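Undergrad: sequence-free structure coming up:
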DNA sequence: GGCGCGCGCGCC
DNA sequence: GGCGCGCGCGCC
């Protein structure tokens, strides 16, 4: 399962390079390797070297290919799995029930989970057919190297929106956004695997590890591990933080925020400018006005002056001297129609 | 010392 | 979650 998780995170081109090294590292015929897909490859590696040794060798290949993000993450997962195996072995027989319930709590997308995942790779939510663009992949690995947070962080879920389809580095997939908080802070989360939705239930405390920290938001990927916290380890979030987390920021405040700040909120529209591949919305509140740029809306939602727009995961962005809110690849945009004024009386006295 | 801004709280 | 009020702090 560890292997498969690692292999799922590389492109087809990288897979070919992996196989090139695998021929010498493992004693497998090149012809057999070449036709293997990710699942078959993982199977062959294990057949050839045994599960434990196959992981070690795979890590060494990832290191040779300089895919350090993946190598490190695999190494970490391996250690995790080993320590789990040790405790399970010790407890076996006396506390079998408890260890099983632990495994069940663990998400399907986690690499340390039951071999069910191994037999059904589609259940991991990672799309093996995806052909990410090379440049994006490099950027992603950079991010993994710099921002991968391995230590579990306990947070309380404040809010989670319904999953929706969006274009990511791994192709088109279901993602969702959430807001979570610790005792002292709240932050927004981008979850790139809709299977985690059943963990992101408001008021629940969850532990997230192997997530990416993007300076102003958290990114949970298929590589991350999300588990329910033990009932006696609940995070208690003060009311003022909960309230602040859900508030729409004031426009004058947004003007002072650095580029890249993630913005969620409900705004009143006063002007709409439609262009071919984009729509500009003029928004206002009691503190000022601002522009919202929504890119690439194939289906332009009908919006009129006076309606409101709900923005999720928009970014503060600079367009020349002008500060605006811009949609990113994973932004969510919704028009909320203004309440219709009471329809005209049919008969006037 | 006065004014203004920002934050927190409570009501709707 | 929006809105409005009040309080406290910092600057002139």
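TA: Cool, got the structure. What you see is a predicted model, and the numbers here were worked out from it, not measured in a lab.

Undergrad: rest of the way, CA atoms for contacts and neighbours
TA: OK.

Undergrad: Closest residue of chain A to DNA strand C?
TA: Residue nearest to DNA strand C within chain A (C-alpha to the nearest atom of the strand): residue A:246, separated by 2.7 Å.

Undergrad: Tell me the pLDDT of that residue.
TA: What the model reports for residue A:246 is a pLDDT of 93.

Undergrad: Over to the one 4 residues further on?
TA: The model reports residue A:250 with a pLDDT of 91.

Undergrad: repeat for the one 10 residues further on
TA: Here the pLDDT value assigned to residue A:260 is 87.

Undergrad: contacting residues around it?
TA: A:216, A:315, A:316, A:317 (C-alpha atoms under 8 Å, 6 or more residues apart in numbering).

Undergrad: Just read off the phi/psi values of it.
TA: With angles defined as degrees, to the nearest 10, residue A:260 sits at phi 100, psi -10.

Undergrad: Starting from residue A:325, give me the distance back to it.
TA: Distance of residue A:260 to residue A:325, computed by C-alpha to C-alpha, to the nearest Å: 9 Å.

Undergrad: what sits in contact with each of these two?
TA: Joint contacts of residue A:260 and residue A:325 (C-alpha under 8 Å, 6+ apart) are A:315, A:316, A:317.

Undergrad: Any chance of the residues you listed in CSV with neighbour count, pLDDT and distance to residue A:155 as columns?
TA: Shown next, in CSV, are the shared contacts of residue A:260 and residue A:325 (neighbours: other C-alpha atoms under 10 Å; pLDDT from 0 to 100; distance: C-alpha to C-alpha, whole Å):
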residue, neighbour count, pLDDT, distance to residue A:155
A:315, 22, 93, 23
A:316, 22, 92, 25
A:317, 21, 91, 29
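
Undergrad: now, which of these sits nearest DNA strand B?
TA: DNA strand B lies nearest to residue A:316 out of the shared contacts of residue A:260 and residue A:325, by C-alpha to the nearest atom of the strand, at 17.4 Å.

Undergrad: Tell me which residues of stretch A:190-202 come out buried.
TA: Neighbour-count burial for stretch A:190-202, with 16 or more other C-alpha atoms under 10 Å as criterion, is recorded at A:190, A:191, A:192, A:193, A:194, A:195, A:196, A:197, A:199, A:200, A:201.

Undergrad: which SS class is the closest residue to residue A:302 other than its chain neighbours?
TA: Nearest residue to residue A:302, sequence neighbours excluded (C-alpha to C-alpha, 6 or more residues apart in numbering): residue A:335, at 7.5 Å. Under DSSP: H, G, I helix; E, B strand; the rest coil, the three-state class of residue A:335 is strand.

Undergrad: what do you get for the one 4 residues further on?
TA: Secondary structure state of residue A:339, per three-state DSSP, is coil.

Undergrad: Buried residues of stretch A:162-177, list them for me.
TA: Applying a neighbour-count criterion of 16+ other C-alpha under 10 Å, one finds A:163, A:166, A:168, A:169, A:170, A:171, A:173, A:174, A:175, A:176, A:177 buried in stretch A:162-177.

Undergrad: among those, which are in strands?
TA: A:166, A:168, A:171, A:173, A:174, A:175, A:176, A:177 (DSSP state E).

Undergrad: of all those, which comes closest to residue A:308?
TA: Nearest to residue A:308 among those: residue A:177, at 19.9 Å, using C-alpha to C-alpha.

Undergrad: What does the pLDDT read for the closest one?
TA: We have a pLDDT of 96 for residue A:177.

Undergrad: Identify the residues contacting the closest residue in space to it that isn't next to it in sequence.
TA: Distance criterion C-alpha to C-alpha, 6+ apart; nearest residue to residue A:177, sequence neighbours excluded, is residue A:190 at 4.8 Å. Shown in contact with residue A:190 (C-alpha under 8 Å, 6+ apart): A:175, A:176, A:177, A:178, A:217, A:218, A:219, A:220.

Undergrad: can those go into CSV with extra columns for distance to residue A:279?
TA: Below are the contacts of residue A:190 laid out as CSV (distance: C-alpha to C-alpha, whole Å):
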residue, distance to residue A:279
A:175, 23
A:176, 23
A:177, 23
A:178, 25
A:217, 25
A:218, 28
A:219, 27
A:220, 29
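
Undergrad: Quick check: the two most widely separated of those?
TA: The largest separation in the contacts of residue A:190, counting by C-alpha to C-alpha, is between A:175 and A:217 at 14.9 Å.

Undergrad: what's the burial count for whatever residue of the stretch 1-150 of chain A ends up closest to DNA strand B?
TA: Sorted by distance to DNA strand B under C-alpha to the nearest atom of the strand, the residues of the stretch 1-150 of chain A start with residue A:147, at 27.1 Å. Counted by other C-alpha atoms under 10 Å, the residues lying close to residue A:147 total 18.

Undergrad: Now do the contacts for residue A:320.
TA: By C-alpha under 8 Å, 6+ apart, no residues touch residue A:320.

Undergrad: what sits against residue A:213?
TA: A:147, A:148, A:149, A:219.

Undergrad: So is the host helix or strand of residue A:324 next to DNA strand C?
TA: Residue A:324 is part of strand A:322-336, with elements assigned from DSSP states H and E. No - Strand A:322-336 does not reach DNA strand C (C-alpha under 7 Å from any atom of the strand); its nearest approach is 12.5 Å.
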